[in-house]
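J.: Sequence and predicted structure are below.
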Amino acid sequence: TDTLTIDAKQARVLLNSDSDLMKAVFSFGGAWLEKSEKLTLHDPLAAVSVFHPDICRFERGNVQVETDLESNMGGTSFVPSPKGNAEIARTVDREQFYRFLGTTLCGEDKKVKQRHLPLLVVSRAKSAGTVGEAWLANLDNTVSELEKMWHISVGDALSGGTHALVANADGEHGEKYVLKIDMPENLGGEFSNSISTLKILDGNGCAKLYAYDIARKACLLERLGEPINRLGYSVNEQLQIICGALQKVWKTPFVNDGLPSGKDSVVWFRQFIGETWEKLNHPCSFQVIEQAFSYLQSREHALNPDEFVLLHGDAHGGNTLETLSGDGFKLIDPDGIFYEEAYDLGVLMREWVSEYEQDPMKEGKKRCAYLHHLTGVCEQAIWEWGYIQMVSTAFVMLQIGQEEIGHKMLRVAECWAEETTDILR
């Protein structure tokens, strides 16, 4: 049951239900849960396995309990044996367990629609471990609760997502919304920062925010049309559209009160790249990592809070959407950062990787120069953040099982690291 342990703070969300049963559970065990800081679902697994014995893989053997030796009184041992006196559970189908548990906790009379998620969302949730699997299993129940709370009707999950459930939702009076529920993990972003950014922008450059629930990591947004990477635009046309939307965000006046700053971003990337390179067993040369650290040091030396603006943090062709009226474009899913504009443009350097295949250095410089032409932002700063984004995003892709694109991005980074460290030379 150690594999069925979740953080106590997330238990109320992952196992949330408005049923009388769950209200009683949290009323009775809430104080203990807060003190323990974690929840191991031992008893629920025992109960589920009674009715669904296939949920676990068992092994037969001899179980002995020490009753004589005082120093080990009550100690239990197990020795595998086909003629043993007991069976013990060795493994558990965690995803199926959480689904059974979530359905039971919702109440027998509550029928919940099951939605099929994009494969990338599923793989990314599973890469987060136990908490991600619990989120997947309870997601349909969460949607049902939000429908009731926000008076909406939610459709099937939309395709193209990577780290959240996204679905169209209709209001009681025909309002057109989108419901988004982020998974309970953070691979480079924070839900609360995104909400803060959407509130500041109030529909200017980004989708308008109508409602949100921080605990569930859910929000109700303005419904938009198709993303520009599905509308037949060339790469340069998409870059022009995205930069136009970004400049609206950058020009929004605000006083930073809690969003990550430039220094925070540098620290995060330095730690993530270094630790993940080791965890992935060195998927690229040390030269690539050394160059990433060199560029991070360069951006650290260039920190100038007087030039910081509100950033989107992850703008690309997949999250720049046409408005329903067809008269413009807006961004979705902002990370929310207070930093230099080059950071946003670095994201665009890592996109459309296939454009770099023939001559990575030449095509990389060409795109960097075009982004400078569109925005007037320093080319060297764009290049450095583009390189850092290429490496870090490649690592994220490898972590969630997208090995083909991850290794393709690292090949580009290898070429960029080999030829030069200063694009202006």
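T.: Yes, it's here.

J.: Shouldn't T197 be within a helix?
T.: Yes - counting by DSSP: H, G, I helix; E, B strand; the rest coil, T197 is part of a helix.

J.: check contacts around the residue lying closest to it once chain neighbours are set aside.
T.: Nearest residue to T197 in three dimensions, chain neighbours excluded: G336, at 3.5 Å (C-beta to C-beta, 6 or more residues apart in numbering). C-betas here are computed from N, CA, C, even on glycine. Going by C-beta atoms under 8 Å, 6 or more residues apart in numbering, G336 touches 190, 193-194, 196-197, 259-260, 310-313.

J.: just A207 next, same as before
T.: For A207, the contacting residues are 178, 198, 221-222, 224, 321, 330-332, by C-beta under 8 Å, 6+ apart.

J.: For it, give me phi and psi.
T.: A207 has phi and psi values of phi -60, psi 140 when expressed as degrees, to the nearest 10.

J.: Which parts of the stretch 1-150 of the chain are helices?
T.: Assigned by DSSP state H, counting those that start in this stretch, the helices in the stretch 1-150 of the chain fall at 8-14, 20-36, 42-51, 94-106, 119-127, 130-150.

J.: Skip the chain neighbours and tell me the closest residue to the one residue sitting closest to the centre of the chain.
T.: Residue closest to the average C-alpha location in the chain (C-alpha atoms, centre = their mean): H163, at 4.1 Å. Distances taken as C-beta to C-beta, 6+ apart place R124 nearest to H163, at 5.5 Å, with adjacent residues excluded.

J.: ok, the one you found to Y356 distance?
T.: Distance of R124 to Y356, given as C-beta to C-beta, to the nearest Å: 25 Å.

J.: before we move on, what about R270?
T.: Applying C-beta to C-beta, the value for R270 to Y356 is 25 Å.

J.: which one of the two has more residues nearby?
T.: Y356 (23 against 16; other C-beta atoms under 10 Å).

J.: what about S265, helix or strand, and which?
T.: helix 262-279 (DSSP states H and E).

J.: Show me what that helix is packed up against.
T.: On a contact count with 3 or more C-beta pairs under 8 Å, 6 or more residues apart in numbering; DSSP states H and E, helix 262-279 meets helix 286-301, strand 337-339, helix 379-399.

J.: model confidence over the longest one, on average?
T.: With pLDDT averaged residue by residue, helix 379-399 scores 97.

J.: so what secondary structure elements neighbour it?
T.: helix 262-279, helix 286-301, helix 342-350, helix 360-375, helix 403-419.

J.: rerun that using 10 Å as the cut-off
T.: Judged by 3 or more C-beta pairs under 10 Å, 6 or more residues apart in numbering; DSSP states H and E, the packing partners of helix 379-399 are helix 119-127, helix 262-279, helix 286-301, helix 342-350, helix 360-375, helix 403-419.

J.: The first one now?
T.: Identification of packing neighbours for helix 286-301 by 3+ C-beta pairs under 10 Å, 6+ apart yields helix 262-279, helix 342-350, helix 379-399, helix 403-419.

J.: Reformat these as TSV; add distance to E87.
T.: Below are the helices and strands packed on helix 286-301 laid out as TSV (distance: least, C-beta to C-beta, whole Å):
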stretch	distance to E87
helix 262-279	35
helix 342-350	51
helix 379-399	36
helix 403-419	38
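
J.: Comparing these, which comes out most buried?
T.: Neighbour counts (mean count of other C-beta atoms under 10 Å) averaged over each of the helices and strands packed on helix 286-301 peak at helix 342-350, with a mean of 26.

J.: Can you check what angle separates that one from helix 262-279?
T.: 30 degrees (axes from the mean of the first three to the mean of the last three C-alpha atoms, to 10 degrees).

J.: orientation of helix 342-350 relative to helix 379-399 in degrees?
T.: Going by the same axes, to 10 degrees, helix 342-350 makes 60 degrees with helix 379-399.

J.: hang on, isn't L374 packed against C368?
T.: No - counting by C-beta atoms under 10 Å, L374 stays clear of C368, with 11.0 Å between them.
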